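Colleague: Show me how the following folds:
(one chain, ligands or ions: 1)
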Amino acid sequence: MSRPVALSVLDLACRYQQQPVVQGVSFELPEGDIACLLGPSGCGKTTTLRAIAGLEPLTGGRIQLHGRTVSNAEAQRPPEQRGLGMVFQEHALFPHLSVGDNVAFGLRQLGSSARRARVEECLALVQLPGLARRYPHELSGGQQQRVALARALAPRPALLLLDEPFASLDLDLRRQLNQELRRILRQQGMTALMVTHDQDEAFTMADHLGVMRGGKLEQWGSPEQVYACPASRFVAQFSGSTNWLPARVEAGALQTALGPLPLPAAALPAGALELLVRPEAVLLGPLDGGQPARVLSREFLGGHCRYRLQLACGTELWARGSSGHRPGDQLGVSLMAAPAVCFAAD
Ligand SMILES: Nc1ncnc2c1ncn2[C@@H]1O[C@H](COP(=O)(O)OP(=O)(O)OP(=O)(O)O)[C@@H](O)[C@H]1O
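Modeller: Predicted coordinates:
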């Protein structure tokens, strides 16, 4: 049975100084799921998040929380009446309040002992038990963001909005905090929408991934769908490494330098085509095991190697594989079986 929809965004449009910055954005987020909006700088991710929070007016469309409209072009409910939690990139804590008072900020409706208990519970959740008396300046950047998360979670919001919450931290700490954040959100059954421009972060966090470009949502789907079946060349490129192999429809199949492939179910654009080939879908084997290819270069990356290959027709491809090949080696190359994804040639 499908879960109720916590957040519904329908045909959202926002402008700054008459300039459209978000247009026609629509998606639904079921209760208890985590979504990420991914896209390059300036594509409208933060504006979308701020509109959901009630911090930006809409010029068109509608935002609903649990089926109730909270924003449209005519009216919007104030942010504090939306039951949302928010975590921003940095400078989120009140510097003059202790950690405990920061976390207690949204708990004024509770009695003092219930409030203290909830503060301790939330600090334990973010792995900072016993730090309630410290002040923000006595914490590391990572600890400050954990406190910001505890503060946002404390009133049990119906939806948590996160805008690049760990962007100011170094990569290892960011990875660790992302994993913890996902565990905490799951454990709490929290619905969350996070903005990021980091593809790895989006892939590890999200049940639903929205890829934005130029104020529009180019695709909304699971990370696996977005990666395997990108809706556009841009989404393909933004969601991982790509090769583009020339292809044409002939004799009821897609003809490529790596052999014929079954036609995709979706209609193909007319004219010259290019097939999306992810590097890990290029299978490397003995020369008699596929189309001949020469290794042009090899980069050792620890767990695997990245190879630049040249097919007999001159086409070059990225591939990944074990460390056993050297520049100049002749290999047999084939493609992993997967539904073909093609776009009009660039
Ligand atoms: N207050 C503002 N006034 C005018 N233009 C703005 C304002 N805020 C954002 N913009 C513009 O709106 C567009 C979308 O900005 P937004 O912050 O939503 O993008 P973003 O995808 O979140 O980018 P980033 O990843 O860099 O934060 C950009 O072109 C930006 O320059």
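Colleague: Could you report the distance from the residue lying closest to His137 once chain neighbours are set aside to Glu138?
Modeller: Excluding the flanking residues, the one nearest His137 by CB to CB, 6 or more residues apart in numbering is Pro95, at 6.6 Å. C-beta coordinates here come from the backbone N, C-alpha and C atoms, glycine included. Going from Pro95 to Glu138 by CB to CB, to the nearest Å gives 11 Å.
Colleague: So between those two, which is more surrounded?
Modeller: More crowded of Pro95 and Glu138, by other CB atoms under 10 Å: Glu138, with 12 against 9.
Colleague: so what's the backbone phi/psi at whichever residue of the stretch 51-200 of the chain sits closest to the ligand?
Modeller: Nearest to the ligand in the stretch 51-200 of the chain, going by CB to the nearest ligand atom, is His197, at a distance of 4.9 Å. Main-chain dihedrals, His197, degrees, to the nearest 10: phi -110, psi 10.
Colleague: For it, grab the count of nearby residues.
Modeller: For His197, using other CB under 10 Å, the count is 18.
Colleague: which ones are touching it?
Modeller: Leu38, Gly39, Pro40, Ser41, Lys45, Glu164 (CB atoms under 8 Å, 6 or more residues apart in numbering).
Colleague: same question, Leu263
Modeller: Per CB under 8 Å, 6+ apart, neighbours of Leu263: Val249, Gly252, Ala253, Leu254, Ala340.
Colleague: try it again with 7 Å
Modeller: Val249, Gly252, Ala253, Leu254 (CB atoms under 7 Å, 6 or more residues apart in numbering).
Colleague: wouldn't the last one be in contact with Leu276 here?
Modeller: No. Counting by CB atoms under 7 Å, no contact exists between Leu254 and Leu276, whose distance comes to 11.6 Å.
Colleague: C-terminal to the helix or strand where Val119 lies, what's the next element?
Modeller: Using DSSP states H and E, the element containing Val119 is helix 112-125. Going down the chain from helix 112-125, the next helix or strand is helix 141-153, by DSSP H and E.
Colleague: Neighbours of Glu224, how many?
Modeller: Glu224: 10 neighbours (other CB under 10 Å).
Colleague: Over to it. Which of the three states is it?
Modeller: At Glu224 the chain is in helix, as set by DSSP: H, G, I helix; E, B strand; the rest coil.
Colleague: out of the contacts of Leu263, who's nearest the ligand?
Modeller: Leu254 (35.2 Å).
Colleague: Just say helix, strand or coil for that closest one.
Modeller: Strictly by three-state DSSP, Leu254 counts as strand.
Colleague: what's the spacing between the nearest residue to it once chain neighbours are set aside and Glu316?
Modeller: Closest residue to Leu254 apart from its sequence neighbours, by CB to CB, 6+ apart: Leu261 at 4.4 Å. Separation of Leu261 from Glu316 (CB to CB): 19 Å.
Colleague: Over to Phe238?
Modeller: Where Glu316 is concerned, Phe238 sits at a distance of 21 Å (CB to CB).
Colleague: near the ligand, which residues of the stretch 151-300 of the chain show up?
Modeller: Proximity of the stretch 151-300 of the chain to the ligand, by CB under 6 Å from any ligand atom, involves residues His197.
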